[in-house]
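K.L.:
Let me see the structure of the following:
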Amino acid sequence: MTNLDKIPVTIVTGFLGSGKTTLIRHLMQNPQGRRLAVLVNEFGSVGVDGEILKSCADEMCPAENIVELANGCICCTVADDFIPTIEALMALPRRPDHILIETSGLALPKPLLKAFDWPAIRSRITVDGVIALADAEAVAAGRFAPDPAAVEAQRAADASLDHETPLSEVFEDQIACADIVLLTKADLAGEAGIAAARSLVEAVAPRRLPILAMAEGLIDPAVILGLNAAAEDDLHARPSHHDGADDHEHDDFDTVVIDLPEIADPEALKAAIIRLAREQDILRVKGHVAVRGKPMRMLVQAVGERVRAQYDRPWGDAPRVSRLVVIAEHDRIDPAAIRAVLLPAPQEA
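P.N.:
Numbering: from 1, shown residues only. I've put the predicted structure just below:
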């Protein structure tokens, strides 16, 4: 690895059904002397992929080294889920030699890459490489995912997802971030399908990339592990549809933090958040809320009119402070109007 003090991470991206779990299972069975850890975020099939991988657990990748993130698309829950999970993996009694990350099929790789610059982890971890899997038959047909309906169902089920990007653009973002592209299910696509898929990948790739055909997840681990890409250091070479003109994609958005008193009626709060989405085009609301009479804090996550609230853990000795982060486009955000909608809501019985 580039820095012997840093744990290398391989990010495996690609749509639902592209073969990510099959590939990771193959790598677990052929670790080439590496002690592995695995983070699974195939939202919508969590509990399935995780169980498949845990069934392959062994001395080089024990069950405690396999972690599932079930709170939504990893690129949209970086601070809440990804960073603490990575820190936990790095703190295992026997530190892993290599970490494999299976992203959600809808994950945008670039926000995840940016997370590796977080102060808490940037000196201890590096992105060895980004591997993009693409179903050769689906790509050749212009569907990009083998089952687009399943992908859209996955999108609808993930309340944390804060991007509504068309499949073609997600595909292009995945390719643009990749160090290697694997065309999966090559046996089903045939020579003509593989050639068509290769041409499409080459057309959207921002730079020349290795493109390899693969079937049944079988590939020499030496080809995709140990790349030393340090992908977090060359983000400029990995363009995204979500980049702004100056590669500051967050400049178009503003954030307002709203402190609330304890609430009596969570449903009233949900209704207020839905009203914000309808009347003020609020894109995202997330935070923790103290509910009167409840010892656990309520985690609130909303994308547009989709609102999800769940009790995640006890307050314990922590202050019962309710705080919501509200995100909207720069020219649409009105802090006073947002407060006028949210602050009355906790008082409603």
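
K.L.:
phi, psi of Ala132?
P.N.:
phi -100, psi 120 (degrees, to the nearest 10).

K.L.:
So Ile274 lies in a helix, does it not?
P.N.:
Yes - Ile274 forms part of a helix when assessed by DSSP: H, G, I helix; E, B strand; the rest coil.

K.L.:
was I right about it contacting Val307?
P.N.:
Yes - here Ile274 reaches Val307: they are 6.2 Å apart, a contact under CB atoms under 8 Å. The C-beta positions use only the backbone N, C-alpha and C, and glycine is treated the same way.

K.L.:
Compare neighbour counts for the two and give me the winner.
P.N.:
Using other CB atoms under 10 Å, the more surrounded residue of Ile274 and Val307 is Val307, with 20 against 17.

K.L.:
Contact partners for the more buried one?
P.N.:
Val307 is in contact with Ala159, Lys270, Ile273, Ile274, Val285, Val300, Gln301, counting by CB atoms under 8 Å, 6 or more residues apart in numbering.

K.L.:
Can you tell me the SS state at it?
P.N.:
From three-state DSSP, the assignment for Val307 is strand.

K.L.:
So what pairs up with it in the strands?
P.N.:
For Val307, the beta-bridge partners under DSSP bridges are Ala302.

K.L.:
what separates it from Trp315, distance-wise?
P.N.:
Per CB to CB, to the nearest Å, Val307 is found 21 Å from Trp315.

K.L.:
where exactly do the strands run in the protein?
P.N.:
Using DSSP state E, the strands of the chain run over 7-13, 36-40, 66-68, 98-102, 125-135, 180-184, 211-213, 253-260, 284-289, 296-303, 306-314, 322-329.

K.L.:
where does this protein dip in pLDDT?
P.N.:
1-4, 42-57, 70-81, 147-148, 150-165, 242-254, 303, 329-331, 344-349 (pLDDT under 70).

K.L.:
So what's the residue count around Ala336?
P.N.:
7.

K.L.:
Likewise for Phe116?
P.N.:
Phe116: 22 surrounding residues under other CB under 10 Å.

K.L.:
what's the closest non-adjacent residue to it?
P.N.:
Once flanking residues are discounted, Phe116 sits nearest to Glu232: 3.9 Å by CB to CB, 6 or more residues apart in numbering.

K.L.:
Appreciated, that's everything.
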